[in-house]
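> Quick one, what's the 3D model for this:
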Amino acid sequence: MSSPPWDYIAKLVCIGDSGCGKSSLTIRLCEGRFSAQHDVTIGVEFGSRIVPVGPPHSKAGAASNSGNASASAGPEGLPEPRRKEPETPQKHMKLSLWDTAGQETYKSVTRSYFRGASGALLVFDITRRSTFLHATDWLNDLRQIAEPDIVVVLVGNKLDEVVAAEGGKEDRREVSAAEARDWAARNGVLAYVETSAKSGENVEAAFAAVAERIFDNINAGRYDLNDRRSGVKGPGPGTAGPNPRQVRLAGGTTGGAGGMCC
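Alright, predicted model coming up:
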């Protein structure tokens, strides 16, 4: 059996108030497009995307920055021959994305999908302060249900509307980047990222931040890859591909009840 195109599957949830652009962010990442008209999410919608994690992908930027470094001198002042670095096979992670409804009506349903999630994007609208103020409630709900070490990134969406305002229109920003970064630091959130689902700006960076930290946690041995509650899965034991009893993505459903991974 051939190897799958991924090394791990991680379950992520997008949470936050209705109308913040959670569905648009998911569609932008998974399909590379933006739809100005999108129906309100009822319950939960699903998407997936395979992304590279770890080196050499994560080291590419650092390598380019050091490209002008001079070679060290060897005997008789001659430069030492470059040593071929051992090749590191690129790892890939399949992000199983669960886009949850933001209305209070559906909270009892969407909360069940927090179980078994290894990562979360907590989304608010930078042009609506109320959605930022509600972020604390969303984070508390998430941490009451999800695993204690869930990786969370705070996302301020609709950056395009602020950029347009800077071009001469009325400034619509109601939450500063500094305030949001301070909130993230005080609440133990990994990072704050401002995005635009419309232009695509920083969308991949937001999801990549979660994926890279999950990958670091995998390498640190913080997940039991045979326990679906951890929110992370690897290829099934003794096979080159996924275990179909543990991983079922078709049709937006999972192999276990209650929205377990992945």
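> list the helices and strands the top helix by length along the chain packs on?
Criterion DSSP state H: the longest helix present in the chain is helix 203-219. Secondary-structure packing of helix 203-219 (3 or more Cβ pairs under 8 Å, 6 or more residues apart in numbering; DSSP states H and E): strand 8-15, helix 22-31, strand 44-53, strand 91-100, strand 119-125, strand 151-157, strand 191-194, strand 232-233. (C-beta placed from N, C-alpha, C; glycine too.)
> Relative to the third one, what are the paired strands and their orientations?
Each strand paired with strand 44-53, and its direction, by DSSP bridges: strand 91-100 (antiparallel).
> The strand it pairs with - what's its average pLDDT?
Averaging pLDDT along strand 91-100 yields 92.
> Okay, now the unreliable bits of the stretch 51-200 of the chain?
For the stretch 51-200 of the chain, the stretches with pLDDT under 70 are 60-86, 101-110, 163-170.
> Helices of that one, residue ranges please.
Ranges of helices within the stretch 51-200 of the chain are 60-65, 107-110, 129-133, 135-145, 159-166, 177-186, based on DSSP state H, counting those that start in this stretch.
> Pipe the helices and strands packed on helix 203-219 into CSV and attach distance to residue 181 and mean neighbour count per row.
Shown next, in CSV, are the helices and strands packed on helix 203-219 (distance: least, Cβ to Cβ, whole Å; neighbours: other Cβ atoms under 10 Å):
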stretch, distance to residue 181, mean neighbour count
strand 8-15, 19, 27
helix 22-31, 19, 22
strand 44-53, 24, 19
strand 91-100, 24, 24
strand 119-125, 13, 27
strand 151-157, 8, 27
strand 191-194, 5, 21
strand 232-233, 27, 26
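> Any idea which of the ones you listed gets closest to residue 206?
strand 191-194 (4.3 Å; Cβ to Cβ).
> Which of the helices and strands packed on helix 203-219 sits closest to residue 135?
The nearest among these, by Cβ to Cβ, is strand 119-125 at 5.4 Å.
> Give the partner strands of the closest one in its sheet and their orientations.
Assessed with DSSP bridges, strand 119-125 is paired to strand 8-15 (parallel), strand 151-157 (parallel).
> what does that strand rub up against?
Residues outside strand 119-125 that contact it (Cβ atoms under 8 Å, 6 or more residues apart in numbering) are 10-17, 19-22, 25, 114, 131-132, 134-135, 138-139, 142, 146, 150-158, 175, 189, 206-207, 210-211, 213-214, 231.
> With only the CA atoms kept, save that strand in CSV.
Extracted C-alpha coordinates of strand 119-125, given in CSV (Å, rounded to 0.1, in the frame of the first residue of the first chain):
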residue,chain,number,x,y,z
GLY,A,119,-6.0,23.3,17.8
ALA,A,120,-8.4,26.3,17.5
LEU,A,121,-8.7,29.6,15.7
LEU,A,122,-10.6,32.0,17.9
VAL,A,123,-11.9,34.6,15.3
PHE,A,124,-13.3,38.0,15.9
ASP,A,125,-14.1,40.9,13.6
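> just the angle between it and helix 177-186, please?
Relative orientation of strand 119-125 versus helix 177-186 (axes from the mean of the first three to the mean of the last three Cα atoms, to 10 degrees): 150 degrees.
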